[in-house]
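I'll drop the sequence and a predicted model, then ask my questions.
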Amino acid sequence: MEATDSADHGARDTTEAAKTATDGAATAAGAGGQFDFIVVSNRLPVDRCSPEDTGCEDGWRRSPGGLVTALAPMMTKTDGAWVGWHGAPDETVKPFSHGGIDLVPVHLSTADIELFYEGFSNATLWPLYHDVIAPPEFHRTWWDSYRKVNRRFADAVVHHAAEGATVWVQDYQLQLVPKMLREARPDLKIGFFNHIPFPPPEIFAQLPWRRAIIDGLLGADLVGFQRSSDAGNFMRSARRFLGASVKQQQVHVKGNDGDTTHIARAQAFPISIDVKQISELARKPEVIERARQIRRDLGNPKTILLGVDRLDYTKGIRHRLKAYEELLADGKVTVQDATLIQVASPSRERVEQYRLLREEVEGTVGHINGTYDTMESTAVRYLHHSYPIEEMVALYLAADVMLVTALRDGMNLVAKEYVTARTNNDGALVLSEFAGAADQLKQALLMNPHDIDGLKDTIMKAVNMQPAEASRRMRAMRKQILDHDVDLWSSDFLAALAEKVVRDDS
Ligand SMILES: O=P(O)(O)OC[C@H]1O[C@@H](O)[C@H](O)[C@@H](O)[C@@H]1O
């Protein structure tokens, strides 16, 4: 399987001609390429690396995450390709193949990153879709860039998709792509999956371009969401802002004459993780030994609590730290007995709200540690890093209590990874009811992170949980995840996308 025009795989060329070859050549409707299955996402599933890094091949390494693992077999079985940004601004990279997957890089300039990615995607849509935890900003220049960049992604697909191909568009950065594809290539089967929450119409209403976004999504044959409440929110917005008629899971899109021109379905498909990978790592002697070493390095406290998040204001890190500080102040936990490890991986560092959050979190951690640390013991071990999956699994094995206190989260895969890693059926998961994972992990200790007293009580319940109860809960959660891994998620979605739609007029 080779990319269409990838004679020199991975070659970089910053000339305008090369840029046109990848993202500008496909504006003509009906142009066709060779790929029967195309995944489109803002980021390609590879990162730049140097030769000494493990897994580095021709300067690229597969990025972690279940999505690529789930889709890789499908990519190789069909003639598949992945369209996305390769992560470097102002750099044009020709289509290339990596780890058996054909990749079609989309060019983003420094201005695109500022306006489309940091601006509209992550300072307008992200906060708007996460319950306006941070105030969304609305700027017309950002919107213009969002449209322009969505068009560029759509053009790349139009150029590379074979007649009748299936195209699966991923996430909030690309919500206009389905409609653009439908207009240019009515022969395509178009799916869309929203990895983050979809807000209720009362909040979505704030968006000046709300109609265009709904219209963009309705270009898909199937729009997938994490929770059925997200699908419901979307359908209510389609009815309210576009006057679409909604029958069960079908949205009937009307033309100017009032006739239905197209039916889009909206449904929940909760995403999961690569269960096999996490379970295998959790059984590896060197990972188990690394977990023991982590405990030893922390002075073998009775309880290790763990938080693992991108440093994002949606994750409730401040609420978690507040609760933990109060537990230390109340004497319910002591630094001799317990340590909280907080991994906060760097994220969107040029976006103002993220900068402010980092200052606040680091100030709070400094304050807590300054107050409670001793020479031997620390209250919070804060790590502003990303770690390879092996180290993450060792951390999951080392932790007695996992804290997932998101204020709003599409799914939260960390919760699922923790449960999967606990092959001995021990450990306790404290889980926010505002994370999508709460729909599946009903035996977790569910709580509302805004309720600090409730959060403190739940943390203490987790710390003091009897082994029999911990095991009963963990077994049930593990069964749920083991029966629903990410392969099932992608195959369910693609099977539903392939279904012939029977019009529901009830
Ligand atoms: O791509 P970013 O901005 O670094 O964020 C990481 C990921 O965050 C996730 O939660 C989004 O759903 C993804 O689309 C995104 O890729």
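Here it is on my side, so go on.

ranges for the helices of the stretch 51-200 of the chain?
According to DSSP state H, counting those that start in this stretch, the stretch 51-200 of the chain carries its helices in the segments 66-77, 110-112, 126-129, 140-160, 177-184.

which regions of this structure lie under the pLDDT threshold?
Counting by pLDDT under 70, the ranges of the chain that qualify are 1-31, 66.

around the ligand, which positions in it sit nearby?
42-43, 171, 195-196, 347-348 (CB under 6 Å from any ligand atom). Placement of C-beta: from N, CA and C, glycine included.

in strands, which of the residues you listed fall?
Mapping those onto strands (DSSP state E) picks out 42-43.

got TSV for the residues of the chain next to the ligand, with neighbour count too?
Listed next are these as TSV, based on neighbours: other CB atoms under 10 Å:
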residue	neighbour count
Asn42	19
Arg43	18
Asp171	19
His195	18
Ile196	20
Ser347	16
Arg348	19
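
let's have the residues of the chain next to the ligand in TSV, adding distance to Lys500.
Formatted as TSV, the residues of the chain next to the ligand follow (distance: CB to CB, whole Å):
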residue	distance to Lys500
Asn42	31
Arg43	33
Asp171	27
His195	27
Ile196	30
Ser347	41
Arg348	41
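
out of the residues of the chain next to the ligand, which is nearest to Val246?
In terms of CB to CB, no member of the residues of the chain next to the ligand lies closer to Val246 than Ile196, at 21.6 Å.

ok, now which ones touch the closest one?
Counting by CB atoms under 8 Å, 6 or more residues apart in numbering, Ile196 makes contact with 126, 129-130, 171-172, 226, 410.

swap in 10 Å and give it another go.
125-126, 129-130, 171-172, 225-226, 230, 314, 408-411, 436 (CB atoms under 10 Å, 6 or more residues apart in numbering).

please apply the same query to His195.
By CB under 10 Å, 6+ apart, the residues touching His195 are 41, 67, 170-173, 224-226, 271, 410-411, 413, 436.

beta partners for whichever residue of the stretch 1-150 of the chain sits closest to the ligand?
Relative to the ligand, the nearest point of the stretch 1-150 of the chain is Arg43 (5.2 Å; CB to the nearest ligand atom). Per DSSP bridges, the residues bridged to Arg43 are Trp85.

confirm for me that it is in contact with Gln173.
Yes: between Arg43 and Gln173 there is a contact at 8.8 Å, judged by CB atoms under 10 Å.

shared neighbours, these two?
84-85, 117.

in the chain, which residue sits closest to the ligand?
His195 (3.7 Å).

how far does stretch 91-109 stretch from start to finish?
8 Å (CA to CA, to the nearest Å).

kindly report the same for stretch 255-273.
Using CA to CA, the distance between the terminal residues of stretch 255-273 is 40 Å.

Ser228: how many residues sit nearby?
Neighbour count for Ser228, taken as other CB atoms under 10 Å: 14.

from Gln249, how far out is it?
9 Å (CB to CB, to the nearest Å).

Glu289: which of the residues of the chain next to the ligand is nearest?
Set against Glu289, the nearest of those by CB to CB is Ser347 (30.2 Å).

how about the closest one, what does it touch?
For Ser347, the contacting residues are 122, 309-312, 315, 354, 357-358, 386, by CB under 10 Å, 6+ apart.

list buried residues within the residues you listed.
Buried residues within the contacts of Ser347, counting neighbours by 16 or more other CB atoms under 10 Å: 122, 309-312, 315, 354, 357-358.

filter those residues down to the ones in strands?
Here DSSP E is the test, and these give 309-310 as lying in strands.

max pairwise distance over the buried ones among the contacts of Ser347: which two?
It's Asn122 and Asp309 that sit farthest apart of the buried ones among the contacts of Ser347, by CB to CB, at 15.8 Å.

got a list of what Ile213 touches?
125, 143, 146, 172, 175-176, 179, 204, 207, 237, 241.
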